[in-house]
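Trainee: Requesting a structural model of the entry that follows:
(chains A and B)
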Amino acid sequence: MAFWDYANPTRFLRLVQVVLPWLIGLCIIAFAAGLYMAFFTAPQDYQQGNTVRIMYIHVPAAWLCMMCYSIMSISSIGTLVWKHPLADVSAKAAAPIGAAFTFMALVTGSLWGKPMWGTYWVWDARLTSVLVLLIMYLGLMTLWRTMDDPIKAGKAAAVLTLVGALNLPVIKFSVDWWNTLHQPASVVRMDGPTIHPDILWPLLMMALAFTLLFFVLHLMAMRNEILRRRVRALRLRAASVSHPGTAAATAQPAE
Amino acid sequence: MDFGPHAGFIMASYGLCLFTVLALIAWVRIDKANQERALRELAEQGFSRARPDSRSK
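Mentor: Residues are numbered from 1 along each chain as shown, chains lettered A, B, ... in the order given. Next up, the predicted model:
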């Protein structure tokens, strides 16, 4: 079955029904293993002590907030270039999840920063660019709500999403380009991770759990968005029947 | 388990993440229930989508 076959929302919903229970099961197992490793097998850091355990949620949340925006950017290209019927559904459904992960990354980073840096917040390049990402997510969520027509809203949001994607390399390389309080990359590096395996493996397990959680929530939110568009189409049809000429039922691709 | 002098920061971080994840789960579940209820109400009024397999018949 080709990728384009899932452009049919009904077929996509059937796929979600099959895949979702497996993803939920894997997600629960990954979280159980990750939390066990984070609290019972991972040692304290020789400098940071137990506060290093905040890393097991802060770093995956930070990775996911960028991955979510990357997925929204790819979806936006799908909306503008290929007009894939599920592309703007995917982008719209991902935005609140991305905002939540960004919020988690910012607040856990802040709670980690106070005992380690002596401050909850500093206007350095990494923290500020992630705050800009949160504002982008909130702006996109607002933009989608300002337009009734999901297709028009999807196109406008796709353009704004792609403009905002310029922030992604700024977030990633901010710690290299500028002198920041935030530490430089220590896992995804050209010369390999600089973290001891006893701390790295729990981190990777938690990252897997967060990634699975994202896909579970994203599929569920996409399913809801397809149902919302069906409700809209049926309400337009109902309005055109009860008030002929005042409402035109316009079928949308993802309905 | 003793988390030392910074236990409050660790607990607050995990607590906040748990709360945010639970809020996300509640959001998708409540939204699904709302959309399904709206579809049911429309179906009761006689507005529903034709089943894909009956359309081809």
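
Trainee: residues in contact with the residue nearest to the spatial centre of chain B?
Mentor: For chain B, B:V28 is the residue whose C-alpha lies nearest the centre (Cα atoms, centre = their mean; 1.8 Å). By Cβ atoms under 8 Å, 6 or more residues apart in numbering or on different chains, the contact set of B:V28 is A:217, A:220-221, A:224. For glycine as for every other residue, the C-beta is placed from the backbone atoms N, C-alpha and C.

Trainee: ok, now A:F210?
Mentor: A:60-61, A:63-64, A:101.

Trainee: Pull out whichever of these are also neighbours of chain B.
Mentor: Filtering these for proximity to chain B by Cβ under 8 Å from any Cβ of the partner chain leaves A:A61.

Trainee: now the contacts of A:F210 as CSV including distance to A:S90 and pLDDT?
Mentor: Converted to CSV, the contacts of A:F210 look like this (distance: Cβ to Cβ, whole Å; pLDDT from 0 to 100):
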residue, distance to A:S90, pLDDT
A:P60, 21, 96
A:A61, 21, 97
A:W63, 19, 95
A:L64, 16, 95
A:F101, 16, 97
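
Trainee: Which of the contacts of A:F210 fall in strands?
Mentor: Within these, no residue falls in strands by DSSP state E.

Trainee: related to what we said a few turns ago, relative to A:Y120, which of the contacts of B:V28 is nearest.
Mentor: Taking Cβ to Cβ as the measure, A:L217 is the one of the contacts of B:V28 closest to A:Y120, at 27.8 Å.

Trainee: mind checking how far that closest one is from A:L20?
Mentor: From A:L217 over to A:L20 the distance is 11 Å, taken as Cβ to Cβ, to the nearest Å.

Trainee: Mind checking which of these two has more residues around it?
Mentor: Taking neighbours as other Cβ atoms under 10 Å in any protein chain shown, A:L217 and A:L20 compare with A:L217 leading, 24 against 15.

Trainee: So that one lies in a strand, does it not?
Mentor: No. Under DSSP: H, G, I helix; E, B strand; the rest coil, A:L217 falls outside any strand and is assigned helix.

Trainee: give the contact list for it.
Mentor: A:97, B:24-25, B:28.

Trainee: Give me the buried positions along the longest helix belonging to chain B.
Mentor: In chain B, taking DSSP state H as the definition, the longest helix is helix B:7-44. Buried residues in helix B:7-44, defined by neighbour count with 16 or more other Cβ atoms under 10 Å in any protein chain shown: B:9-10, B:12-14, B:16-17, B:20-21, B:24, B:27-28, B:31-32, B:35, B:38-39, B:42.

Trainee: Buried residues of stretch A:111-118, list them for me.
Mentor: The neighbour-count check on stretch A:111-118 (16+ other Cβ under 10 Å) flags A:111-116 as buried.

Trainee: can it be found next to chain B?
Mentor: Yes. Stretch A:111-118 comes into contact with chain B (Cβ under 8 Å from any Cβ), by way of A:111-112, A:114-115.

Trainee: tell me the mean pLDDT for that stretch?
Mentor: Mean per-residue pLDDT for stretch A:111-118: 91.

Trainee: and A:T108, what element?
Mentor: In the assignment (DSSP states H and E), A:T108 maps to helix A:87-117.

Trainee: what's the following helix or strand past that helix packed up against?
Mentor: Following helix A:87-117 in sequence order, the next helix or strand is helix A:125-146 (DSSP H and E). In this structure, helix A:125-146 packs against helix A:55-77, helix A:87-117, helix A:150-164, helix A:167-177, with contacts taken as 3 or more Cβ pairs under 8 Å, 6 or more residues apart in numbering or on different chains; DSSP states H and E.

Trainee: which residues sit against helix A:125-146?
Mentor: When contacts are defined by Cβ under 8 Å, 6+ apart, helix A:125-146 is touched by residues A:62, A:65-66, A:69, A:72, A:92, A:95-96, A:98-99, A:102-103, A:105-106, A:109, A:121, A:150, A:153-154, A:156-157, A:160-161, A:164, A:167, A:170-171, A:174-175, A:177-178, A:180-182.

Trainee: Generate a PyMOL selection restricted to the buried subset of the residues you listed.
Mentor: To isolate the buried ones among the contacts of helix A:125-146 in PyMOL, judged by 16+ other Cβ under 10 Å, type:
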select buried, chain A and resi 62+65+66+69+72+92+95+96+98+99+102+103+105+106+109+150+153+154+157+161+164+167+170+171+174+175+180+181+182
